[in-house]
Structure formats: structure tokens, C-alpha cells
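> predicted model and sequence below, questions to follow.
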Amino acid sequence: MPLSILRNDIRSIQSDILVNPTDAVFSHSGGVDRTVLEEAGEELERKCREMPELKVGQAVLTQAYDFRNYRCIIHVYGPTYIDGEHGEEGLLRKCYENCLKIAKDSSFKSITFPLISSGTFGFPKGKALRIAVDTIAAFLLEEELDVNLLVYDRESYDTSSKLFVGVRDYLLDNAEKEKRRRTVEYRSMQSDLVQRKKKEKITNMAPPLYGSIPSDTRKTKEEIISDEEETICYNSSSYGPESIIESIEFEPDRSFGEYLVELIDERNMKDADVYKRANINRDVFNKIINNKVKIPKKKTCVALAIGLKLDLKETNELLSKAGYVLSNSFVFDQIIIYCIRNREYNVFEINEVLYENDQETLG
């Protein structure tokens with residue numbers, strides 16, 4: 001997908017470019033900066049000594065040397081956070097913009113960012129992530145590039161934001177409803193069991209109406225259990241989900257790709273508007289609409305619904321073309337349902353919430 005938020009280490013990722021947050025004189029004193037030097041080797045250190053001092057927000061490109069995970073490294077000087085009143089946010093945004101411009105001008109296809117200035121430079125991690133995502137998202141609406149954004153801990157998420165709070169409350173409310181439903185269901189089962197035992201006791205106490213049952217027609221306890229097992233097996237094999245699916249000839253009126261094209265045309269949207277807002281790679285999107293991908297993954301279908309800004313009914317209609325549906329039984333689905341009901345269609349903000357709740361992200 002174009003933007004992937006990952007909880008990972010720079011040694012575990014591969015892409016064309018790695019962004020290395022550094023200081024004015026390339027001192028390699030920060031965590032990522034130090035790791036880059038360790039991996040890239042002495043040649044990088046010699047190259048950095050030859051380069052002039054950087055200004056805040058400035059970015060320069062070098063080879064990756066011995067750091068084999070990457071082809072090149074962009075060194076960028078991020079701002080030190082003071083109090084938020086000294087233009088820090090604008091300078092941080094400039095760091096991302098300059099790095100993305102270098103990647104575009106150099107025709108690279110992928111880039112990996114750590115969260116710039118969120119370590120020793122003291123930028124609040126929630127704000128740093130918000131600026132990173134917003135700046136990268138704005139770039140991706142116009143350009144084609146695969147971007148990895150590395151987030152090392154949960155502190156990076158601004159969990160006080162309206163969307164985070166809304167989703168959290170919605171999940172808690174659903175969990176409480178499910179708890180109450182199960183309690184009612186359990187009590188109902190207990191009540192039914194008590195009533196059944198009472199009826200059995202009364203039946204056993206009552207004399208037979210038409211004389212005793214002949215001994216040769218009586219069934220042993222083992223025979224009764226065997227009959228019940230056969231009945232259960234018969235019912236499950238005759239009416240279970242697999243049997244139903246096998247017995248129905250599935251003849252969809254339109255493929256998922258065809259239906260997707262219809263929705264795009266109905267809304268007078270461009271293909272690029274949809275796949276960029278869905279955080280989907282152009283090649284993947286083209287395969288879907290050309291039916292080279294018969295059944296996309298559920299998260300991809302949901303991402304397209306977000307890109308199209310569908311309501312809940314329209315989303316389930318689209319998902320049904322691939323055999324899916326949204327259900328309150330799953331955390332992923334609950335988050336998506338909440339976002340769609342509240343018309344939250346920023347796929348990158350939705351992905352932050354999904355990621356924070358340990359769910360697959362969209363794209």
C-alpha cells in the first residue's frame with residue numbers, strides 16, 4: 001500500500017531510500033543516526049565529514065554504502081521542539097516535504113521514514129505522527145510512491161483525538177452490550193433447563209395411559225443416545241454452511257471489479273481519486289477493475305468503500321460482491337462501522353486507529 005505505518009526497526013525493512021534524522025554536522029549521536037552509521041560503514045562517515053552543515057529542514061542524498069537494505073539515504077535535519085510557538089510544526093513538515101521531493105525527483109519507488117524529531121529532539125510523538133501522516137498523505141494524493149512510516153511505541157498515537165476517543169467509546173459500548181446479551185442468553189438457557197427437568201420429572205411420575213410398553217420395543221439408553229447423534233449428524237450435514245454453499249449455483253450478476261467501476265462512474269470520480277483515497281497501489285487497483293483479482297481481501301474492499309465515501313448500506317453491498325459483510329462480532333468491523341456512520345473517510349487516520357487496536361490496516 002502507498003502508506004504503511006509499521007512498528008519495526010530500520011534493519012528489518014527494505015526500500016529504495018531510508019530517511020536518516022540527523023543534526024547540523026552529521027554527528028550520528030541520535031538513535032537512528034547512530035544505527036545508520038553502524039550499518040553503512042566508514043565510507044558514509046567520510047562522506048558526511050565532507051558535506052557542509054545542514055540548516056533545519058534541509059535534506060541531502062547520499063549512497064547507502066554497506067547498508068544493503070537500501071539504495072540511498074536521505075539525511076535530514078529535524079527541528080528541536082521548544083514549546084510549539086517557534087515554528088516547529090512548519091519546520092517538521094518541511095523535513096518530510098523535502099525528503100519526498102528528493103525521492104520523486106530521483107524517480108525512486110519507495111521510501112522509509114522514522115518519526116523525525118520524536119526522539120532526542122523532543123517533539124511530542126502524537127504531534128510528530130500527525131504531521132508526518134498529514135504531509136505524506138497530501139503528497140500521495142498527487143504522486144505515486146510507497147512510503148513506510150516506522151513507529152516504535154504506542155506513545156506516538158494521539159489517543160486524545162476525537163476519532164480515537166469516539167472509536168474507544170464505541171468499542172467499550174459494544175463490549176458491554178455483548179456482555180449483557182451473553183448474560184441474558186445464559187439465564188434463558190438455565191431457565192429452559194430447569195423447566196425441561198420439571199417436565200421430565202412429571203412425565204416419569206405419571207402412569208402409562210395405555211398399559212406398559214412391551215419390553216421388546218423399549219430402547220436402551222445407549223440406543224437413544226445413538227439415535228440422537230445420528231439426528232445431529234444428519235442435521236449438520238444437511239443444513240450446515242458448507243452444504244448450503246455447495247448446493248447453490250453462485251452466479252453473480254457482476255464481478256467485484258465491474259461493480260466497482262459502476263460505482264466510480266456513478267459518482268463521476270476518477271480512478272486515481274479512489275485508489276489514492278483508499279491507500280491502494282495503482283497496479284493493484286488496475287488488477288481489481290480488470291478482474292485479474294477475482295476476490296480482493298476484505299481490508300482492500302473496505303479501503304475502496306472508504307475511498308468512494310460509501311455509506312454503511314452501500315459498503316455492505318460492495319463487500320457482498322466479494323462475499324464479505326461488516327459485523328459487530330469483530331473489532332476491525334466495529335471500527336469501520338463507527339467511522340462510516342460518522343463519515344470519517346480519511347483512510348490514514350482510520351489506519352492509525354486500526355493499528356493502535358492491533359488490527360490490519362486498510363490498503
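That came through, no problem. Source: prediction; values computed, not measured.
> going along the chain, name the strands of the stretch 51-200 of the chain.
59-63, 70-77, 110-114, 146-150 (DSSP state E, counting those that start in this stretch).
> save those strands as CSV, and put in mean neighbour count and mean pLDDT too.
Where C-beta positions appear, they are placed from N, C-alpha and C, glycine not excepted. Compiled in CSV, those are given as follows (neighbours: other CB atoms under 10 Å; pLDDT from 0 to 100):
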stretch, mean neighbour count, mean pLDDT
strand 59-63, 17, 97
strand 70-77, 23, 98
strand 110-114, 24, 97
strand 146-150, 21, 94
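> ranges for the helices of this structure?
All helices of the chain, identified by DSSP state H, fall at 31-40, 42-50, 88-105, 125-140, 162-205, 221-239, 241-247, 256-266, 271-277, 282-289, 298-308, 312-320, 331-341, 347-356.
> can you pull out the low-pLDDT segments for the chain?
Along the chain, segments meeting pLDDT under 70 span 1, 153-165, 178-179, 181, 186, 201, 203-253.
> dump the strands of the stretch 51-200 of the chain into CSV; add distance to residue 36 as well.
Converted to CSV, these look like this (distance: least, CB to CB, whole Å):
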stretch, distance to residue 36
strand 59-63, 10
strand 70-77, 6
strand 110-114, 10
strand 146-150, 13
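> right, and the ones you listed - which one's nearest residue 321?
For the strands of the stretch 51-200 of the chain, distance to residue 321 was read as CB to CB. The smallest value, 27.2 Å, belongs to strand 146-150.
> follow-up on the earlier one: which one of the strands of the stretch 51-200 of the chain lies closest to residue 12?
Of the strands of the stretch 51-200 of the chain, nearest to residue 12 by CB to CB is strand 146-150, at 9.3 Å.
> could you tell me how far that closest one lies from the centre of the chain?
14 Å (CA atoms, centre = their mean, to the nearest Å).
> stretch 137-144 too?
Here the centre of stretch 137-144 is set off from its chain's centre by 19 Å, with CA atoms, centre = their mean.
> so of the helices of the chain, which one's packed in deepest?
helix 298-308 (a mean of 24; mean count of other CB atoms under 10 Å).
> packing partners for that one?
Judged by 3 or more CB pairs under 8 Å, 6 or more residues apart in numbering; DSSP states H and E, the packing partners of helix 298-308 are helix 256-266, helix 271-277, helix 282-289, helix 312-320, helix 331-341, helix 347-356.
> hang on, residue 362 packs against residue 349?
No - Residue 362 lies out of contact with residue 349 (CB atoms under 8 Å); the separation is 10.7 Å.
> find residues that contact each of the two.
When contacts are counted by CB atoms under 8 Å, 6 or more residues apart in numbering, residue 362 and residue 349 have no shared neighbour.
> so which of the helices of the chain is nearest residue 56?
For residue 56, the closest of the helices of the chain is helix 88-105, at 5.3 Å, according to CB to CB.
> quick one: contacts of that closest one?
Counting by CB under 8 Å, 6+ apart, 16-17, 19, 21, 56-59, 61, 74, 76-82, 111, 113, 116-117, 123, 127-128, 131-132, 134-136, 139, 143, 145 sit against helix 88-105.
> again, only this time at 7 Å
17, 19, 56-59, 61, 74, 76, 78-79, 81-82, 111, 116-117, 123, 128, 131-132, 135-136, 139, 143, 145 (CB atoms under 7 Å, 6 or more residues apart in numbering).
> stretch 13-21 too?
10, 30, 32-33, 36, 64, 69-76, 78, 99, 103, 108-114, 116-117, 148.
> follow-up on the earlier one: so which of the strands of the stretch 51-200 of the chain comes closest to residue 255?
It's strand 146-150; of these, that one is closest to residue 255 (CB to CB) at 27.0 Å.
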